[in-house]
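what follows is a predicted structure for the sequence shown.
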Amino acid sequence: MLPPVYSTYRASNMKAPGEQTVPALNLQNAFRIIKEVQKRYKTREAEEKEKEGIVKQDSLVINLNRSNPKLKDLYIRPNIAQKRMQGSLEAHVNGFRFTSVRGDKVDILYNNIKHALFQPCDGEMIIVLHFHLKNAIMFGKKRHTDVQFYTEVGEITTDLGKHQHMHDRDDLYAEQMEREMRHKLKTAFKNFIEKVEALTKEELEFEVPFRDLGFNGAPYRSTCLLQPTSSALVNTTEWPPFVVTLDEVELIHFERVQFHLKNFDMVIVYKDYSKKVTMINAIPVASLDPIKEWLNSCDIKYTEGVQSLNWTKIMKTIVDDPEGFFEQGGWSFLEPEGEGSDAEEGDSESEIEDETFNPSEDDYEEEEEDSDEDYSSEAEESDYSKESLGSEEESGKDWDELEEEARKADRESRYEEEEEQSRSMSRKRKASVHSSGRGSNRGSRHSSAPPKKKRK
């Protein structure tokens, strides 16, 4: 007896009697379930990959005292959820805690903060507290090394549909209210910073960027104002933020520095050669000298060049053989050619001076031949010097004598011009007399011919 045959596929999608669903619908459900499982697996794999480099942080010690330093109505960047939410930032025993209105919590410990930055609202539309961290933290299912808390000052967007007079009372009142709000927010943030520094016994100090030393550049896609602090070069008003620690910088190179270009680029090379270099594009040429002065005050070496370099290849060469790179001169290839050539000339001159002079018999014979040639050249030079004595004597005359000679030369030139004019006039007269004589001869010839007789 043959075993029963079970069909796994039907050519027709018609529902047979006794079946609950069409076979095609079963395949669609299976396909959907497989895709959902794949999506969950990829999401879990991405989360595990994000958590790989995360350093385990200490737990936050909550201070139950109600007099803790606290700031309200702040936004957090990056966002915890898709939609931004307000919350409050509170300082505790060993760190900060941000609590959103939805109940989400983000803890930042004091010992994990590398740079604490305070960006005032002077000339800006937001006021910011920015924390650049030593080790990344996880929130919103992603790892972050930069976290900032900010609040808006005034209206970021302007309604262009309004047609109001510039001296309208409502506009003047709004400007006055904005000035008062700026002053109020600045005072509140400064009080919070002072209390936090007192709470941490100044182990955590907030840095304020120097706006006077700032310059425009494009570290990412858009141009922003980059401002130095006492230990970093930062921009915290735009997102993503830009923070470079000056102690980690080994060299700064300026590219495309040419007279006919309005902008140049700045390349930041770190002491850790495995770290990718940082590029800042489209810096105005007017900012080059102030940047150099700032780098000199920070004792950071800088070079400049005309061309753009392939830094990926350069850094790979250094990482592969760092000892060989420095044996071949290191960063000297970035320096201008003039400085390198001067240094080489100085080295060659010092080597020549160090060498001792030991003449041989062949050298003596060569010297005798050279002396004969020198004698003939000296004789020629003496003849030339005799000829040049007259010019030297002339060059030693007084101003009066030179003026008298100039007058004589003018007179002689005028006399020569008058003689040439008189000669030309006499030539013209002779030519006219000669032509008149020819005409009279022609007339006499015609008159001597016998007159023709008239026909009757």
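Now that the structure is in, tell me what you want to look at. All of these numbers come straight from a predicted model, not from anything done at the bench. Numbering: from 1, shown residues only.

gap between residue 329 and residue 335?
9 Å (CB to CB, to the nearest Å). All C-beta atoms are positioned from the backbone trio N, CA, C, and that covers glycine.

tell me which of those two has more neighbours.
The neighbour count for residue 329 versus residue 335, taken as other CB atoms under 10 Å, is higher for residue 335 (14 against 11).

can you get me a residue count around the nearest residue to the more buried one once chain neighbours are set aside?
Nearest non-adjacent residue to residue 335, counting by CB to CB, 6 or more residues apart in numbering: residue 303, 5.6 Å away. With neighbours defined by other CB under 10 Å, the count for residue 303 comes to 19.

can I assume residue 303 sits in a strand?
Yes - counting by DSSP: H, G, I helix; E, B strand; the rest coil, residue 303 falls inside a strand.

look up which residues are beta-bridged to it.
residue 253 (DSSP bridges).

mind listing what it touches?
Listed by CB atoms under 8 Å, 6 or more residues apart in numbering, the contact partners of residue 303 are 251, 252, 253, 254, 331, 334, 335, 336.

just for the stretch 101-250 of the chain, where's the confidence low?
Low-confidence segments of the stretch 101-250 of the chain, defined by pLDDT under 70: 154-169.

which residue is nearest the centroid of the protein?
Nearest residue to the geometric centre of the chain (CA atoms, centre = their mean): residue 265, 2.5 Å.

okay, that residue: pLDDT?
The model reports residue 265 with a pLDDT of 96.

repeat for the one 3 residues further on
Residue-level confidence at residue 268 comes out at 97, pLDDT.

tell me what the helix or strand harbouring it is packed against?
Assigned by DSSP states H and E, residue 268 belongs to strand 263-270. Where contact means 3 or more CB pairs under 8 Å, 6 or more residues apart in numbering; DSSP states H and E, strand 263-270 is packed against strand 249-255, strand 278-284, helix 311-320.

low-confidence stretches in the stretch 351-456 of the chain?
351-398, 428-456.

one more pass at 80, please.
Scanning the stretch 351-456 of the chain for pLDDT under 80 picks out the ranges 351-403, 411, 413-456.

okay, now the domains of the protein?
Domain segmentation of the chain under automatic domain parsing yields 70-156+171-208, 212-344.

what's the closest non-adjacent residue to the residue nearest to the centre of the chain?
residue 255 (4.3 Å).

neighbours around the one you found, how many?
Using other CB under 10 Å, residue 255 is surrounded by 19 other residues.

isn't it up against residue 308?
Yes - using CB atoms under 8 Å, residue 255 makes contact with residue 308 at a distance of 5.0 Å.

now for those two: what residues contact both?
What both residue 255 and residue 308 touch, as defined by CB under 8 Å, 6+ apart, is the set residue 265.

next, the buried residues of the strand of greatest length in the chain.
Counting by DSSP state E, the longest strand found in the chain is strand 126-139. Judged by neighbour count (16 or more other CB atoms under 10 Å), strand 126-139 contains these buried residues: 126, 127, 128, 129, 130, 131, 132, 133, 136, 137, 139.

next, the residue lying closest to the third one once chain neighbours are set aside: phi, psi?
In this structure, residue 128 finds its nearest non-sequential neighbour in residue 119, 4.0 Å apart by CB to CB, 6+ apart. In this entry, residue 119 is assigned phi and psi values of phi -100, psi 110 (degrees, to the nearest 10).

farthest pair within the buried residues of strand 126-139?
Pairwise distances across these (CB to CB) peak at 25.2 Å, for the pair 127 and 136.

near residue 223, how many other residues are there?
Count around residue 223 with other CB under 10 Å applied: 15.

and the closest residue to it other than its chain neighbours, which of the three is it?
Once flanking residues are discounted, residue 223 sits nearest to residue 216: 5.6 Å by CB to CB, 6+ apart. Assigned by three-state DSSP, the conformation of residue 216 is strand.

Throw the domains of the chain into JSON lines and include distance to residue 57, thanks.
Shown next, in JSON lines, are the domains of the chain (distance: least, CB to CB, whole Å):
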{"stretch": "domain 70-156+171-208", "distance to residue 57": "6"}
{"stretch": "domain 212-344", "distance to residue 57": "20"}
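
my guess is residue 281 contacts residue 255. True?
No - using CB under 8 Å, residue 281 is not in contact with residue 255, being 9.3 Å away.

name the residues contacting each of these two.
With CB under 8 Å, 6+ apart as the test, residue 281 and residue 255 both reach residue 265.

circling back: now the angle from the strand holding residue 268 to strand 249-255?
Angle, strand 263-270 to strand 249-255, by axes from the mean of the first three to the mean of the last three CA atoms, to 10 degrees: 160 degrees.

could you dump the helices and strands packed on strand 263-270 into a markdown table with distance to residue 148 added?
Shown next, in a markdown table, are the helices and strands packed on strand 263-270 (distance: least, CB to CB, whole Å):
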| stretch | distance to residue 148 |
| --- | --- |
| strand 249-255 | 23 |
| strand 278-284 | 19 |
| helix 311-320 | 29 |
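
and of the ones you listed, who's closest to residue 51?
Of all the helices and strands packed on strand 263-270, strand 278-284 comes closest under CB to CB, at 26.3 Å.

past that closest one, which element shows up next along the chain?
As the chain continues past strand 278-284, the following element, by DSSP H and E, is helix 288-298.

which residues sit against that next one?
213, 215, 228, 246, 252, 254, 257, 264, 266, 283, 301, 302.

flag every buried residue along it.
Quick answer for helix 288-298 (16+ other CB under 10 Å): 288, 291, 294, 295.

of these, closest to residue 97?
Nearest to residue 97 among the buried residues of helix 288-298, with distances taken as CB to CB, is residue 294, at 36.4 Å.

how much space between the closest one and residue 417?
Counting by CB to CB - residue 294 and residue 417 are separated by 70 Å.

same question for residue 242.
For residue 242, the distance to residue 417 - CB to CB - is 79 Å.

these two: who's more crowded?
Neighbours of residue 242 and residue 417, each counted by other CB under 10 Å, are more numerous for residue 242; the result is 20 against 10.
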